[in-house]
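Chemist: Give me coordinates for this.
(chains A and B)
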Amino acid sequence: MIRNLVNIVMSGVFHAAILFLVAAGLQVVFGVQKIFNLACGSFYALGAYVGVSAVTAFTAAGGPPWLFIAPLAAAGLAVGLVGVVVERGLLRFVYDRDETFQLLLTFALVLMMEDLIRMTWGTAPRSTAGLYLVYGQARLLDATVPVYNLIVIAASLAIAAGIGWLLTRTAFGRIIRASADNREMAEALGVDMGRVYARVFTLGTALGTLGGALVIPATAAMSEMGIELIVEAFAVVVIGGLGSMRGAFVGALVVGVLRAFAIALYPELEMLLIYLIVIAVLLLRPRGLFGSAAA
Amino acid sequence: MTGRVILALVTLAVLVLPLVAPAYYVLLMLPFMAYAVVLLGLNLLFGYAGLVSFGHALFIGIGAYTGAVLTTHTSVRSLEVILLAAAGLGAAAAMLVGALCVRYVKIYFGMLTLAFGMVFYTFLLKFYHWTGGDEGMRVLRPRLLGFALDAMPKVEYLAGPYYYYSLGVLAVATVVMWRIVHSPFGLCLRTVRDNPAKAEALGLGVTRYRWHAFVISGVYAAVGGALLGPPTGNVDPTLAYWTQSGNIVFMTLLGGFASFFGPVLGAFAFIFLQDTVMSVVPYWRLIFGAILAFIVIVAPGGLMGLFARGRPREVAAR
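Modeler: Numbering: from 1, shown residues only, chains lettered A, B, ... in the order given. The predicted model follows:
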């Protein structure tokens, strides 16, 4: 009984750790640029595929299996640099447009990236076979949990703390928060908005690609994984509140753990339950649990 | 005047098409006509009420599955009954969903409609006892105006009677929508879009108008969805997935949401361009994504905007 419970909660928290990264990317971009980035799921998929390739290359070159997490995370972070290309190449042309057009531009990115991934890696699922349990399993209250899951959860917590530090304790964070609150005023005070947007979008992208890379040992990369995850990340940010980092954290926990329970107890309910909660939140408290009035 | 000439020529062309064109292209017209009905409704919401729904695949799904359930589980075969049932169910669902969604605008409206669409999609996917799960359901060949045409070869049935039937539905849908848009209701709807505060001050119930537009667009999407089933003989949950909702918004934008016939042109361009691209490379999404990005950045008026001689309307600017 306890064992099942621990298993369910731990798999839920692992999923929540990944969801948080992607949702945090969505939030930071929405908070500053007021763009709901549908493509954050595609960045997640891209990170996953690049992660698989990096790890495969690493082991083929004779790298020790226990070190695979290093090239995985490095590749996940590095590919986040496509954010610069996307922001400078596409998004910057639509900042003064209606948000519908911004949303549709990110939808265009979803379409393009799905095919770019298919062209590059093919349609068959790709995985890093056998590396998932390289760190062994930990016993936790009678249940066994892969140590890799614990590492990812810890990493996600560290990143959450890091983002919190970045936003509240650094000069860049102050600029980000000022730009989110009042773009014109920040600009008038001498903030180079193009630069801030490029950095913020790259940060958001890197969070998504890192999430994709980290999830890979536990599952397989598939070309549809992006469009499936975006609707989950969407649920997370709506429940937590658009634009709020704390919201992304709590929302990810809610969605991750509830989904794990639904899958274990009544699989038909899986995402249905989540979307019903999303609707309830939107109707009763459209700002979400932690959203600010400005969002 | 030129508008009427073009309309007459187009009407003539679609009437004689099955007689002169290869069956392949006639069959491609079927999804086009179904989507054209969907988009006429969607654009009442998008172009005329200024609300962008990211969940209209919900109503396409309702219409398509209505046809599937009626033909496989009951003895109903009549397409008229199917379309009426789809319209009725679409209206009922749209009344409920719309009543909750139209309280919001912009991004919140889009998110709420997306969430409702995903609820229905997950229902279709997970409750396979009723819906067949990801394999979907079969749609048996419906009777048209009481004629059972089961003996006809499939292509002949689709390229002949079914083609003209769809065309008839599209024609009726177009005329009705034209009347709606050019009625006082349509005028009020545009007022509500352009200046909700002023509309409210003038005594127009803003949310009421939006709700009415939502219900009408839901009915259109359900009827169009019901037309989508018979040509393939099969419906599946992807019809109700969020990317489908995105695609129909894309079609509307491609044709031009600021014009009455823009969305119809958009559906036509989308279906035939997709077919052309896919006959060369399987990666239609890459090319279509690039097209969408181009439209959003450079030509927000869509194809109609490019053709129009006058200045493009400035609806795209905030």
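
Chemist: Next one: the spatially most central residue of chain B from B:Val97, what distance?
Modeler: For chain B, B:Val38 is the residue whose C-alpha lies nearest the centre (CA atoms, centre = their mean; 1.4 Å). Distance, B:Val38 to B:Val97, by CB to CB, to the nearest Å: 16 Å. All C-beta spots, glycine's among them, are computed from the backbone N, C-alpha and C.

Chemist: for A:Ser42, same thing?
Modeler: Distance from A:Ser42 to B:Val97, by CB to CB: 28 Å.

Chemist: who's more crowded, these two?
Modeler: More crowded of A:Ser42 and B:Val97, by other CB atoms under 10 Å in any protein chain shown: A:Ser42, with 31 against 25.

Chemist: Now do whichever helix or strand that one is part of: which elements does it pack against?
Modeler: Element membership for A:Ser42 (DSSP states H and E) is helix A:40-60. On a contact count with 3 or more CB pairs under 8 Å, 6 or more residues apart in numbering or on different chains; DSSP states H and E, helix A:40-60 meets helix A:2-33, helix A:69-78, helix A:82-89, helix A:99-121, helix A:193-215, helix A:225-240.

Chemist: Now do the same for B:Leu17: its pLDDT.
Modeler: pLDDT recorded at B:Leu17 is 84.

Chemist: Can you get me a residue count around it?
Modeler: B:Leu17, neighbours per other CB under 10 Å, totals 15.

Chemist: Same question for B:Tyr128.
Modeler: 14.

Chemist: What separation do you get for it and chain A?
Modeler: Distance, B:Tyr128 to chain A, using CB to the nearest CB, to the nearest Å: 9 Å.

Chemist: do B:Tyr157 as well
Modeler: 34 Å.

Chemist: Not counting residues beside it along the chain, what's closest to that residue?
Modeler: Nearest residue to B:Tyr157, sequence neighbours excluded (CB to CB, 6 or more residues apart in numbering or on different chains): B:Leu149, at 5.4 Å.

Chemist: What values do phi and psi take at the one you found?
Modeler: The phi/psi pair for B:Leu149 (degrees, to the nearest 10) reads phi -120, psi 30.

Chemist: Identify all contacting residues around stretch A:104-122.
Modeler: With CB atoms under 8 Å, 6 or more residues apart in numbering or on different chains as the test, stretch A:104-122 has contacts from A:35-39, A:41-43, A:45-46, A:49, A:52-53, A:86, A:90-91, A:94, A:221, A:223-224, A:226-227, A:230, B:243, B:246, B:249-250, B:253, B:282-286, B:288-290, B:292-293, B:296-297.

Chemist: about what we covered before: how about the residue nearest to B:Tyr157, what does it touch?
Modeler: Taking CB under 8 Å, 6+ apart, one finds B:Arg141, B:Arg143, B:Tyr157, B:Pro161 in contact with B:Leu149.

Chemist: Restricted to helices, list the residues you listed.
Modeler: When DSSP state H is applied, the contacts of B:Leu149 are split such that B:Tyr157 fall in helices.

Chemist: which one among the contacts of B:Leu149 gets closest to chain A?
Modeler: B:Arg141 (31.4 Å; CB to the nearest CB).

Chemist: correct me, but the closest one touches B:Thr232?
Modeler: No: applying CB atoms under 8 Å, one finds B:Arg141 not in contact with B:Thr232, separated by 11.6 Å.

Chemist: hmm, back to that, can you name the helix or strand that the residue nearest to the centre of chain B falls in?
Modeler: Per DSSP H and E: helix B:23-43 holds B:Val38.

Chemist: Buried residues of that helix, list them for me.
Modeler: For helix B:23-43, a neighbour-count test (16 or more other CB atoms under 10 Å in any protein chain shown) marks B:26-43 as buried.

Chemist: can you check stretch A:58-69 too?
Modeler: Those would be A:Phe58, A:Thr59, A:Phe68, A:Ile69, for stretch A:58-69 by 16+ other CB under 10 Å.

Chemist: do the same with stretch A:123-143
Modeler: Going by 16+ other CB under 10 Å, stretch A:123-143 has these buried residues: A:Arg126, A:Ser127, A:Thr128, A:Leu131, A:Tyr132, A:Val134, A:Tyr135, A:Ala143.

Chemist: end to end, how far does that stretch reach?
Modeler: This stretch, stretch A:123-143, spans 36 Å end to end (CA to CA, to the nearest Å).

Chemist: From A:Val55, how far out is the closest residue to B:Gly110 other than its chain neighbours?
Modeler: Sequence neighbours aside, B:Phe54 is the residue nearest to B:Gly110 in space, at 4.5 Å (criterion: CB to CB, 6+ apart). B:Phe54 sits 35 Å away from A:Val55, going by CB to CB.

Chemist: B:Arg190 contacts B:Tyr48, correct?
Modeler: Yes: applying CB under 8 Å, one finds B:Arg190 in contact with B:Tyr48, separated by 5.9 Å.

Chemist: ok, these two, which is more surrounded?
Modeler: A direct count of neighbours by other CB under 10 Å for B:Arg190 and B:Tyr48 places B:Tyr48 higher, at 24 against 16.

Chemist: element containing the residue nearest to that one when sequence neighbours are not counted?
Modeler: Using CB to CB, 6+ apart and skipping the chain neighbours, the partner closest in space to B:Tyr48 is B:Leu189 (5.0 Å). Taking DSSP H and E as the definition, one finds B:Leu189 inside helix B:184-194.

Chemist: still on that earlier bit, with pLDDT and distance to B:Leu228 added, can I get the buried residues of stretch A:58-69 in JSON lines?
Modeler: Shown next, in JSON lines, are these (pLDDT from 0 to 100; distance: CB to CB, whole Å):
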{"residue": "A:Phe58", "pLDDT": "88", "distance to B:Leu228": "47"}
{"residue": "A:Thr59", "pLDDT": "86", "distance to B:Leu228": "47"}
{"residue": "A:Phe68", "pLDDT": "86", "distance to B:Leu228": "47"}
{"residue": "A:Ile69", "pLDDT": "85", "distance to B:Leu228": "47"}
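
Chemist: for these, which one is nearest chain B?
Modeler: A:Phe58 (29.2 Å).

Chemist: Please look at the closest one and A:Pro71 and confirm they touch.
Modeler: Yes: between A:Phe58 and A:Pro71 there is a contact under CB under 8 Å: 4.3 Å.

Chemist: Which strand or helix spans A:Arg139?
Modeler: Assigned by DSSP H and E, A:Arg139 falls in strand A:137-140.

Chemist: who's in contact with that strand?
Modeler: Residues from elsewhere that reach strand A:137-140 (CB under 8 Å, 6+ apart): A:Val6, A:Met10, A:Thr144, A:Val145, A:Pro146, A:Val147, A:Leu150.

Chemist: and the fourth one, what are its bridge partners?
Modeler: Judged by DSSP bridges, the bridge partners of A:Val145 are A:Ala138.

Chemist: wait, the residue nearest to B:Gly110 sits on B:Trp242?
Modeler: Yes: judged on CB under 8 Å, B:Phe54 makes contact with B:Trp242 at a distance of 6.6 Å.

Chemist: anything in contact with each of those two?
Modeler: With CB under 8 Å, 6+ apart as the test, B:Phe54 and B:Trp242 both reach B:Leu114, B:Gly117.

Chemist: quick one, which of the two is more surrounded?
Modeler: B:Phe54 (28 against 25).

Chemist: so what pLDDT did that one get?
Modeler: 90.

Chemist: quick one: it is in a helix?
Modeler: No: under DSSP: H, G, I helix; E, B strand; the rest coil, B:Phe54 sits outside any helix and is assigned coil.

Chemist: Alright, calling it a day.
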